[in-house]
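Q: using only what follows, build the 3D model:
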Amino acid sequence: MRSKQTCASDVWRGAMAGAIGGAVASSAMVLFNHLLGSTGFGREDRGRRKQHRRADAKPNDADGTISDEPASEKAASNLVEAATGAALTERGRKIGGSIVHHAFGMAAGAMYGAFAARLPAVATGGGLPYGMLVWIAGPETGLPLAGLARTPTEYPPARHIASLATHLVFGSTLEAVRRSMTRR
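A: Model prediction:
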């Protein structure tokens with residue numbers, strides 16, 4: 001039987017591998033979003049967005065969310081404005097949004113890695129079930145509750161499909177990186 005200390009070090013190692021995997025997976029999501037957008041997927045949705053603040057935002061353009069404006073950019077802007085009273089520039093929103101997106105991915109990855117180290121069954125499905133869980137908890141539930149997106153029923157099906165797909169990319173990439181880093 002393994003000691004508690006060894007198990008604790010496995011959990012920390014899993015959390016670190018998961019955090020690194022979460023950062024890589026967050027970048028993979030963005031690349032996948034751009035690839036998906038380049039195929040024309042969701043093109044029929046473009047006309048609907050003109051009444052919203054950012055008519056140039058594509059579904060899942062930067063962070064895999066369903067909102068018109070990337071939720072990570074809204075969150076970064078809200079945080080900076082609450083802390084300083086000053087609004088972010090457009091460039092600042094992009095940079096801040098990327099930081100928020102990757103930080104969230106690292107936190108979600110660290111939790112996944114820690115749980116997978118303690119309960120290996122968590123990794124069943126190659127990270128896809130976890131990607132789906134993050135999708136349900138994030139863009140489909142958490143962001144509307146936080147005021148960073150409208151309710152899910154206000155978005156067309158293509159947005160939900162694209163968001164789910166990007167979160168499946170997140171989960172599978174997270175698991176691939178975590179597994180490669182924790183292999184002995």
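
Q: what helix or strand is N78 located in?
A: Per DSSP states H and E, N78 falls inside helix 71-84.

Q: one more: T173?
A: For T173, the host element (DSSP H and E) is helix 157-182.

Q: for that helix, buried residues please.
A: Along helix 157-182, these residues count as buried under the neighbour rule (16 or more other C-beta atoms under 10 Å): 158-179, 182. No exception for glycine: its C-beta is placed from N, CA and C like everyone else's.

Q: how close does A19 sit to E81?
A: Between A19 and E81 the computed distance is 27 Å (C-beta to C-beta, to the nearest Å).

Q: show me which of these two is the more surrounded one.
A: Between A19 and E81, counting by other C-beta atoms under 10 Å, A19 is the more crowded of the two (24 against 12).

Q: isn't that one right up against A110?
A: Yes. If you go by C-beta atoms under 8 Å, A19 and A110 touch, sitting 4.1 Å apart.

Q: hang on, M16 packs against A110?
A: Yes. Between M16 and A110 there is a contact under C-beta under 8 Å: 7.4 Å.

Q: elements contacting the lengthiest helix in the chain?
A: Assignment by DSSP state H gives helix 4-38 as the longest helix of the chain. Where contact means 3 or more C-beta pairs under 8 Å, 6 or more residues apart in numbering; DSSP states H and E, helix 4-38 is packed against helix 90-118, helix 157-182.

Q: do that again at 10 Å, thanks
A: When contacts are defined as 3 or more C-beta pairs under 10 Å, 6 or more residues apart in numbering; DSSP states H and E, helix 4-38 packs onto helix 90-118, helix 128-137, helix 157-182.

Q: distance between that helix and the chain's centre?
A: Remark: helix 4-38 is offset 11 Å from the chain centroid, using C-alpha atoms, centre = their mean, to the nearest Å.

Q: what angle do the helix holding T173 and helix 128-137 make?
A: If you take axes from the mean of the first three to the mean of the last three C-alpha atoms, to 10 degrees, helix 157-182 sits at 130 degrees to helix 128-137.

Q: tell me which helix or strand in this structure has the weakest average pLDDT.
A: Least confident helix or strand of the chain, by mean pLDDT, DSSP states H and E, is helix 4-38 with a mean of 89.

Q: buried stuff in it?
A: For helix 4-38, the neighbour count (16+ other C-beta under 10 Å) marks 10-11, 14-30, 32-33, 36-37 as buried.

Q: and the angle for that helix with helix 157-182?
A: Using the same axes, to 10 degrees, helix 4-38 lies at 140 degrees relative to helix 157-182.

Q: and helix 4-38 with helix 71-84, angle?
A: 110 degrees.

Q: where does the chain dip in pLDDT?
A: For the chain, applying pLDDT under 70 flags the ranges 1-6, 41-62, 184.
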